[in-house]
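*Asks:* sequence and predicted model, in that order:
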There are 2 protein chains.
Amino acid sequence: MTSSAASDLPGIAEIRAAELRLAGRVVLTPLLESPLLNARLGFRLLVKAETLQRTGSFKFRGAMNTLLQLDERQRRAGVVAYSSGNHAQGVAAAAQLLGVPATIVMPADAPAIKAANTRGYGAEVVFYDRWRDNREAIGAAIAAERGASLVPPYDDARVIAGQGTAGLEIAAQAAALGARLDALVVPASGGGLVAGCALALAAQSPQTRVYSAEPEAADDLRRSLAAGERLANDPAARSICDALLAPMPGEIPFAIHRRLLAGGLVASDAEVCRAMAVAFADLKLVVEPGGAAALAAVLAGRLDAKGRTVAVIASGGNVERDTFVKALAGA
Amino acid sequence: MTSSAASDLPGIAEIRAAELRLAGRVVLTPLLESPLLNARLGFRLLVKAETLQRTGSFKFRGAMNTLLQLDERQRRAGVVAYSSGNHAQGVAAAAQLLGVPATIVMPADAPAIKAANTRGYGAEVVFYDRWRDNREAIGAAIAAERGASLVPPYDDARVIAGQGTAGLEIAAQAAALGARLDALVVPASGGGLVAGCALALAAQSPQTRVYSAEPEAADDLRRSLAAGERLANDPAARSICDALLAPMPGEIPFAIHRRLLAGGLVASDAEVCRAMAVAFADLKLVVEPGGAAALAAVLAGRLDAKGRTVAVIASGGNVERDTFVKALAGA
């Protein structure tokens, strides 16, 4: 099976290898549509429900793909991850399944459900201040101290290849539905998922244009794509999309983004709430704010979709009850 | 392909024929689980997410299986259905896909979303009073007047065979997860879904005990199973489970129930609300009250599940926002 160093640029071979490695270990999440919603929109919308993935987000794919490539000695020494929450749960759950000790460095303001769930998977949780501390440095220090392997949230070829398996599934599922996929829109924070999916679609569905979707207030990838170089978010930026607040696009993901993405879309917090309400009413999906960014951008008309077939990834569903209810009420 | 008269008792051959007929037309809904929830419960719980089926409930299966067996003349004359809502949407959507005119007889107090969606699929909606009128008589009169075919919600071999395809999928999906399925619990109103699934499991997974789940206040099937004959609900009975208020078990379904069901479980409205909250938090699913009855019965401990593997069907997700929010708040 193809393997690769963490810092190499992954390609379609690594994604296909990841798909084999993950077979039977990930949920084959459905690619859903609603005829009533399609009729209202005037285009065909396909929604990849990664909310139903193990741990409630796509992050389990990359985490499991990475951990499965550790050797026995590395597994015994354990893994460390820093994450706004969903990557934490993905790594913790993958580690638990493989009997690997896990330490998670998590922002102190992450939704309580994410910390609780991470501990529920048997991981140790270490908190940091999202606006003051350097999580990469904290993670690296713990890894060095314990001889543990760092599992980065996106700046890693193994992680990106794992996330890309969602893209392979989308291409196959769209084909099975008889759909010619014109565009795919993917929520982006560090950009691992959209990078992996862009690689997968370039190989399996080359006519599909792949776009990232970000919160309006944290649109680093959109600006980076326009500038041709990685630009950072204003550290003071806030958004309801707690999962999409990475400081800037990852280095490895962006090397893929600049080559393969058709552009970067954004959605306001209000548009994200409306998308969560549509996902609830028309698709029966519980989507967290960050997970709804791509759906929000498309529903808000940020893409010329008239008469086309557009897929979006609903990338996560780990939202607290109060946030969800407020989003539905405000939509 | 095997066919059968509407009034024959269906068997596994009819369900297998339905599966072939429906291939590519229904969503292969996932069989989900949550490791965290399993750990809390002390048993392995698998949830078949029929909330994600076309039209938001399993009813599309039986409707489509029935309509696909009409001949050209019958298709032109159209179909009539009476339904508390989900069967209405299933028939309307199947009819629209096949270009068949549809008239739906619906209780005046059905959730507004169900009537609106039924009209959205191009069907004509005729209302009746759930507590005073005889919906079967109204449906039969319209069918006679127009030469249209009646598509009953459960008392029909083609409908039961279609619903049974969910059972075939559950057996295959559980096997793929390496699970030996000890029990399957299925929400029941007229009992078409649980009858079809009992037939499917008896053939594909004979060690699995199949149970119905009903609202405590409308437990006609549980009492009928105990008595060995069909008993009616108190017409004054009310429940949050609007989809589970058929007057008594269907004649054809009950001929299957009495032979194959291990028993009938119930859940209170409060337990249903708690199950909706668990489905939201742990499985990221939007489940309507009636669709959550089986999950509710199992979570409430109505089945001795300790150390076992139990599957439930989350049979529908067509719930209005206010009802959903109230259920989460009350849970």
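*Replies:* It's in. Numbers count the residues shown, from 1 in each chain, chains lettered A, B, ... in the order given.

*Asks:* chain A against chain B: which residues are in contact?
*Replies:* Contact residues, chain A versus chain B (C-beta under 8 Å from any C-beta of the partner chain): A:24, A:27-30, A:32, A:35-36, A:39, A:49, A:51-52, A:54, A:56, A:93, A:96, A:113, A:117, A:120-121, A:176, A:277, A:280-281, A:283-287, A:317-318, A:321, A:324-325, A:328-329. Every C-beta, even on glycine, is put in place using the N, C-alpha and C of the backbone.

*Asks:* show the contacting residues for the residue of the stretch 151-300 of chain A found nearest chain B.
*Replies:* Using C-beta to the nearest C-beta, the single residue of the stretch 151-300 of chain A nearest to chain B is residue A:284, 3.4 Å away. Residues in contact with residue A:284 (C-beta atoms under 8 Å, 6 or more residues apart in numbering or on different chains) are B:51, B:52, B:56, B:285, B:286, B:287, B:317, B:318.

*Asks:* and the fourth one, bridged to which residues?
*Replies:* Counting by DSSP bridges, residue B:285 is bridged to residue A:285.

*Asks:* and the next helix or strand past the helix or strand of chain A with the lowest mean pLDDT?
*Replies:* Least confident helix or strand, chain A: helix A:112-120 with a mean of 86, by mean pLDDT, DSSP states H and E. Next helix or strand after helix A:112-120 toward the C-terminus (DSSP states H and E): strand A:124-128.

*Asks:* which element follows that next one toward the C-terminus?
*Replies:* Next element after strand A:124-128 (DSSP H and E): helix A:135-146.

*Asks:* which non-adjacent residue is nearest the residue of the stretch 151-300 of chain A closest to chain B?
*Replies:* residue B:317 (3.4 Å; C-beta to C-beta, 6 or more residues apart in numbering or on different chains).

*Asks:* the stretch 101-250 of chain A: strands as residue ranges?
*Replies:* Counting by DSSP state E, counting those that start in this stretch, one finds strands in the stretch 101-250 of chain A at the ranges A:102-107, A:124-128, A:149-150, A:183-187, A:209-215.

*Asks:* which of the ones you listed sits closest to residue B:293?
*Replies:* Set against residue B:293 and scored by C-beta to C-beta, the strands of the stretch 101-250 of chain A come closest in strand A:183-187, at 34.2 Å.

*Asks:* chain center to the closest one: distance?
*Replies:* 11 Å (C-alpha atoms, centre = their mean, to the nearest Å).

*Asks:* export it to CSV, keeping only CA atoms.
*Replies:* Output of strand A:183-187 as CSV, limited to C-alpha atoms (Å, rounded to 0.1, in the frame of the first residue of the first chain):
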residue,chain,number,x,y,z
ALA,A,183,-19.1,22.1,-8.7
LEU,A,184,-18.2,21.0,-5.2
VAL,A,185,-18.1,23.5,-2.3
VAL,A,186,-16.2,22.5,0.9
PRO,A,187,-15.9,24.3,4.2
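
*Asks:* could you check the pLDDT of the most centrally placed residue in chain A?
*Replies:* By C-alpha atoms, centre = their mean, chain A has its centre lying nearest to residue A:193, at 4.7 Å. pLDDT, residue A:193: 98.

*Asks:* residue A:186 reaches residue A:214, doesn't it?
*Replies:* No. If you go by C-beta atoms under 8 Å, residue A:186 and residue A:214 don't touch, sitting 10.2 Å apart.
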